[in-house]
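> What would the 3D arrangement of this be:
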Amino acid sequence: MTTFLAQITDLHIREPGRLAYGRLDTAPYLRRCVQELLGLRQKPHAVVLTGDLTDFGRPAEYAHLAELLAPLEGVLPLYLLPGNHDDREQLRRSFAHHPHLAEIGEGDFLQYTAAIGPGGLQLVCLDTVQTGQSAGRLCSTRLAWLDRTLARLAGQPVVVAMHHPPFETLIGHMDRIGLVEGAEDLAAILARHAHVQRVICGHLHRTIYTQVGGRLVSTAPSPAHQVCLDLAPDAASAWTLEPPGFHIHAWNGSGTLVTHVASIGDFAGPYPFHDGGALID
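As a prediction, this is how the structure comes out:
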């Protein structure tokens, strides 16, 4: 049986009625994303949210986030990670009913594991946040925890989830606030653990793929706004209302994790390719 793990990221929820960047109400976008998740033909076994859940990490923002996610609570397991726009401790307080967020690990980082679905897929959530900083960091404490955890899960398929991607995306203004410490050590750890099927990230508001330590690494789009596709080193820090989306990671137990990009919105179709067994002319 195939295991389906949905990934949504970079929600940037504000207090009700407040606009992100002075012009964008992100709440209706998340509300529509939740509807899309609940309406998928293949129901996900879990949803992982890879950071920037709110815009400023304020209690009222998390309260609004909880309201928007409420239709998923009790229906699909939710696994939350902080991003650089979040407040780690406020996230814990606001979602205290999530047992994995209540775990206080080494260094007080928000890191945990979870078994997903029927196929033995393991989710490993890794905290990349530097308090008060936009850029991310993986210190020796977090890296050692990851290495030990992956060793413990040897022989099982693993997806590592984190906010800041551990590679240069060539979007200059985003790379300057990317994972500025620990990427090389992370690559060495991933190279030692061949059972890591994917590293999934947020932060970039776009779908991007590359390899790190011999493992495929991806970022996902936002259910609201996207970072402009401009690969110049001096690209302006800007966003766009390109089509929103999320990722579905599918594990069928054959040794390959397959990722699908799901677009959010109303589109014409579906229309058949064939009529009476023949391709429509």
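
> all contacts plus neighbour counts: C-alpha atoms, from now on.
Fine.

> any idea how far residue 246 lies from residue 272?
25 Å (C-alpha to C-alpha, to the nearest Å).

> Give me the more crowded residue out of those two.
residue 246 (24 against 8; other C-alpha atoms under 10 Å).

> Could I get the full set of strands for the stretch 151-281 of the chain?
158-161, 179-181, 196-201, 208-212, 215-219, 226-227, 239-240, 245-251, 257-263, 274-275, 278-279 (DSSP state E, counting those that start in this stretch).

> Compile those into CSV and extend it with columns for mean pLDDT.
Converted to CSV, these look like this (pLDDT from 0 to 100):
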stretch, mean pLDDT
strand 158-161, 98
strand 179-181, 96
strand 196-201, 97
strand 208-212, 98
strand 215-219, 98
strand 226-227, 98
strand 239-240, 96
strand 245-251, 97
strand 257-263, 96
strand 274-275, 91
strand 278-279, 91
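
> Residue 121: which of those strands is closest?
strand 158-161 (5.9 Å; C-alpha to C-alpha).

> And the contacts of the closest one?
48, 50, 121-126, 150, 195-201 (C-alpha atoms under 8 Å, 6 or more residues apart in numbering).

> Just the closest of those to residue 82, please.
For those, the nearest to residue 82 is residue 50 (6.9 Å; C-alpha to C-alpha).

> how close does that closest one get to residue 244?
Following C-alpha to C-alpha, the distance that separates residue 50 from residue 244 is 16 Å.

> Mind pulling up the pLDDT for the residue positioned nearest the centre of the chain?
When C-alpha atoms, centre = their mean is applied to the chain, the residue found nearest the centroid is residue 50 (3.0 Å). pLDDT recorded at residue 50 is 98.

> show me what contacts it?
7-10, 80-83, 161-163, 201-202.

> Ranking by neighbours, what's the top pick from those residues?
Result: residue 83 is most packed of the contacts of residue 50 (other C-alpha under 10 Å), 32 neighbours.

> Can you report how many residues neighbour residue 183?
So residue 183, with other C-alpha under 10 Å, has 22 neighbours.

> One more: residue 266?
Count around residue 266 with other C-alpha under 10 Å applied: 6.

> Thought residue 210 was touching residue 218, still the case?
Yes: Residue 218 is within contact range of residue 210, at 6.7 Å (criterion: C-alpha atoms under 8 Å).

> which SS state does residue 101 fall under?
Three-state call for residue 101 (DSSP: H, G, I helix; E, B strand; the rest coil): helix.

> what's the distance between it and residue 109?
Taking C-alpha to C-alpha, one finds residue 101 at 10 Å from residue 109.

> and if you look at residue 115?
On the measure of C-alpha to C-alpha, residue 115 and residue 109 end up 20 Å apart.

> and residue 13, bridged to which residues?
residue 54 (DSSP bridges).

> OK, contacts around it?
By C-alpha under 8 Å, 6+ apart, the neighbours of residue 13 are 20, 26-27, 53-55, 61-62, 64-65.

> how near is it to residue 169?
In terms of C-alpha to C-alpha, residue 13 sits 25 Å off from residue 169.

> Low-confidence stretches in the stretch 51-200 of the chain?
104-107 (pLDDT under 70).

> Could you rerun that using 80?
102-107 (pLDDT under 80).

> Helices of that one, start to end?
Taking DSSP state H, counting those that start in this stretch as the criterion, the stretch 51-200 of the chain carries its helices at 59-69, 88-94, 99-102, 140-152, 172-175, 183-192.

> tell me the angle of the longest one relative to strand 196-201?
With axes from the mean of the first three to the mean of the last three C-alpha atoms, to 10 degrees as the basis, helix 140-152 and strand 196-201 are set at 150 degrees to each other.

> So which elements touch helix 140-152?
If you count contacts as 3 or more C-alpha pairs under 8 Å, 6 or more residues apart in numbering; DSSP states H and E, helix 140-152 packs onto helix 183-192.
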